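>>> just to be clear, the model below is a prediction. Sequence and coordinates:
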There are 2 protein chains.
Amino acid sequence: MKPNRKEEIILKAAQLFKEKGYNAVSMRDLAQDLGIKAASLYNHIHSKQEILEGIIMQVARDFTLHIHEVSPKPISAIQKLEEIIQMHIDLTIQKTDFLACMNNDWMHLEEENRANYIDMRADYETKFREILQEGIAAKELKESDPEIMLFSILSTLRTFYLWYAKNKNINPNVLKKDLTQTLLQGIIV
Amino acid sequence: MKPNRKEEIILKAAQLFKEKGYNAVSMRDLAQDLGIKAASLYNHIHSKQEILEGIIMQVARDFTLHIHEVSPKPISAIQKLEEIIQMHIDLTIQKTDFLACMNNDWMHLEEENRANYIDMRADYETKFREILQEGIAAKELKESDPEIMLFSILSTLRTFYLWYAKNKNINPNVLKKDLTQTLLQGIIV
């Protein structure tokens, strides 16, 4: 099962990057942690940069594709926001270490990938902002500054992997219900 | 005006720490930026650590004192949360660089101060959690998981200095109204 071996390497790498930071982890450390020889590691992966790219660009693409899929749907802005928040929670639960790596180590991507990553991030914010503006125009959302709404929701979603790493025993359904409610409807009765 | 000279040094240091990171700034850099001799700088300040302590412990104490002052007031939990959020916004507006420094460089505090800082941070979270629990018990706040509420609000407040640094032209009254509303009442009409 060759493809799974590569996946396994990337999973272990994400975990090591999270624990020690990208710069402090060598291909030798990674091979040692996987219990294989460095030479054997190079049969699957050419460089640390290839791994970093594999982790970050994959997650960034997941987010980008999802928001582009949700955005044109014939549903309300609120429903779109709910789907986006749920996706963020799902991806964080499934790929906690990948999100940590994306957040901590994106600046270590090489030039072209870094530029692509920054573009995807800006594009995600643009799409998110459009949905908020659409909801305000349709009077589904309050007449607040959409920049403040965008910052408030994204700051929580983007640091969520940190909180989740310390609270993994929480029921995922309670988590989704309560976090979505807190972000969209606030905490006041 | 001797006391103001020290304040001026600390303000400039906070700005440099934010731009370059604590480790990359030397006392010599700081003196140069202030247009004074390093020897003259040492008349006011003994070490970089003393400056870091001056910045971080001052802000941490401001937050701690405020939440301890608000917590026992004979007002609703919602009013307490409003006061705490407003204080956070005020402090971020007044001391953006200090908050950046606290967030980025607290781990560079020497042992005793670091332990004190971590204690104050935990104490702040405890007080905040108590107010949320009080509000849930009084049926002022929704019956959501208070840990999720706490994380959601604090993740936004704690990264707010980053957003504010890029949006300084915003009207502070609009900011306070809209951010407080977004955090407490959500974005749905």
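Looks like it arrived, so ask away.
>>> next one: A:A137 relative to chain B, how far apart?
Using CB to the nearest CB, to the nearest Å, we find A:A137 at a distance of 12 Å from chain B. In this view, the C-beta of every residue, glycine as well, is placed from N, C-alpha and C.
>>> same check, this time on A:M57
Between A:M57 and chain B the distance, using CB to the nearest CB, works out to 24 Å.
>>> can you pull up the most central residue in chain A?
The structure's chain A has its C-alpha centroid closest to A:L99; by CA atoms, centre = their mean the separation is 4.5 Å.
>>> wouldn't A:Q86 be in contact with A:K176 here?
Yes. The pair A:Q86 and A:K176 passes the contact test of CB atoms under 8 Å, sitting 5.9 Å apart.
>>> what does stretch A:125-141 contact?
For stretch A:125-141, the surrounding residues in contact (CB atoms under 8 Å, 6 or more residues apart in numbering or on different chains) are A:67-68, A:70-71, A:76-78, A:80-81, A:84, A:142-144, A:146-147, A:149-150, A:153-154, B:187-189.
>>> with adjacent residues omitted, what lies nearest to the one residue in chain A that gets nearest to chain B?
Nearest residue of chain A to chain B: A:G186, at 3.3 Å (CB to the nearest CB). Spatial nearest neighbour of A:G186, chain neighbours left out: B:G186 (3.3 Å); criterion: CB to CB, 6 or more residues apart in numbering or on different chains.
>>> contact partners for that neighbour?
By CB under 8 Å, 6+ apart, the contact list for B:G186 reads A:142, A:182-186.
>>> quick check: the farthest pair among those residues?
Of all pairs drawn from the contacts of B:G186, the widest gap by CB to CB lies between A:K142 and A:T182 and measures 15.3 Å.
>>> who's more crowded, the two?
Looking at A:K142 and A:T182 with other CB atoms under 10 Å in any protein chain shown, you find the greater number of neighbours at A:T182, namely 23 against 18.
>>> residues touching the helix or strand encompassing A:L30, excluding its own?
According to DSSP states H and E, A:L30 maps onto helix A:27-34. For helix A:27-34, contacts defined as CB under 8 Å, 6+ apart pick out A:8-9, A:12-13, A:16, A:20, A:37-38, A:40-42, A:45, A:47-48, A:51.
>>> pull out the buried members of those.
With neighbours counted using 16 or more other CB atoms under 10 Å in any protein chain shown, the contacts of helix A:27-34 contain these buried positions: A:9, A:12-13, A:16, A:41, A:45, A:48, A:51.
>>> keep only those of those that are in helices.
A:9, A:12-13, A:16, A:41, A:48, A:51 (DSSP state H).
>>> let's have the residues you listed in a markdown table, adding pLDDT and distance to B:K95.
A markdown table is the format used below for these (pLDDT from 0 to 100; distance: CB to CB, whole Å):
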| residue | pLDDT | distance to B:K95 |
| --- | --- | --- |
| A:I9 | 92 | 45 |
| A:K12 | 93 | 42 |
| A:A13 | 95 | 39 |
| A:L16 | 94 | 37 |
| A:L41 | 90 | 48 |
| A:K48 | 93 | 39 |
| A:I51 | 95 | 40 |
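>>> can I assume A:M102 is in contact with A:I55?
Yes. Using CB under 8 Å, A:M102 makes contact with A:I55 at a distance of 7.0 Å.
>>> OK, contacts around the residue nearest to the centre of chain A?
If you count contacts by CB under 8 Å, 6+ apart, A:L99 has them with A:59, A:91-92, A:161.
>>> can you rerun that using 6 Å?
The contact partners of A:L99, taken as CB atoms under 6 Å, 6 or more residues apart in numbering or on different chains, are A:92, A:161.
>>> what of A:E53?
Shown in contact with A:E53 (CB under 6 Å, 6+ apart): A:N113.
>>> go on, A:P146?
Going by CB under 6 Å, 6+ apart, the list of residues near A:P146 reads A:129, A:132-133.
>>> what about 7 Å?
Going by CB atoms under 7 Å, 6 or more residues apart in numbering or on different chains, A:P146 touches A:129, A:132-133, A:136.
>>> which element is A:L132 on?
Counting by DSSP H and E, the secondary-structure element that holds A:L132 is helix A:111-137.
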